Structures are given as C-alpha cells and as structure tokens.
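Student: Fold the following, please.
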Amino acid sequence: MTDTDVQAPKIEFPCERYPIKVIGDAGEGFRELVLEVIGRHAPDLDASTLVMRDSRNGRFLSVQVLITATGVEQLQAIHVDLRATGRVHMVL
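Tutor: Residues are numbered from 1 along each chain as shown. The predicted structure is shown next:
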C-alpha cells in the first residue's frame, strides 16, 4: 500500500460527541466567541463538554467542545465562521 492509497476514515452522520478543537489568540471573550459561533451551527452544543488549555507561554488558548455533527456542510460552515472572526488560527 502506498501513501496515495490511504484514505481518511469515513464519518457516519449524525456523529454524536464529535470533537471540535479551536486554537486562537488568548484573551478576554475567546471562550464565549467560540461557543457562540459553534452554537449557531450546533444548537444542541453542551457547554459542559468544554475543555480549555493555555499554551505554554499563554499567548494562545485551545477550546475543545463536543457536538453532534450532522454533516460535512455543518462542519465546513463552523470552520469558515470561526476563521472569519480573525482570532482563530486553527480548527481541528
């Protein structure tokens, strides 16, 4: 098997407890911003699943939440809207 034969695993939708990790500039309101943007696309977002971690130097913050992913379109829209905020560097 070569590298070109490897395919990403298929996700079956709806996918419960789908993790979304957002990395961005640390600062006031980042957590709330992430929750608001993701909540627009995943109204059943459970904020109690939120996990936050500061980077070693405190410059960045990662926020991870679990959602019920309903499809690729939903995940793409979340990614686009988070990046559009200007505070997000990466969405995993």
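Student: Tell me which stretches of this protein form helices.
Tutor: Secondary structure of the chain (DSSP state H): helices located at 30-41, 72-84.
Student: Tell me who's in contact with the most centrally placed residue in the chain.
Tutor: Nearest to the mean C-alpha position of the chain, by CA atoms, centre = their mean, lies residue 20 at 2.9 Å. Counting by CB atoms under 8 Å, 6 or more residues apart in numbering, residue 20 makes contact with 38, 64-67, 75, 78, 91-92. Using the backbone N, CA and C atoms, a C-beta is placed for each residue, glycine as well.
Student: quick one: it and residue 57, what's the gap?
Tutor: In this view, residue 20 and residue 57 are 24 Å apart by CB to CB, to the nearest Å.
Student: re the thing from before, identify the bridge partners of the residue nearest to the centre of the chain.
Tutor: residue 65 (DSSP bridges).
Student: sorry, back to before: of the contacts of residue 20, just say which sits nearest to residue 46.
Tutor: Lowest distance from residue 46 to the contacts of residue 20 (CB to CB) belongs to residue 66, with 6.8 Å.
Student: Show me where this protein dips below the pLDDT cut-off.
Tutor: 1-6, 8 (pLDDT under 70).
Student: hmm, 80 instead?
Tutor: Across the chain, residues meeting the criterion (pLDDT under 80) sit at 1-9.
Student: Turn the helices of the chain into JSON lines, including mean neighbour count.
Tutor: JSON lines is the format used below for the helices of the chain (neighbours: other CB atoms under 10 Å):
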{"stretch": "helix 30-41", "mean neighbour count": "18"}
{"stretch": "helix 72-84", "mean neighbour count": "15"}
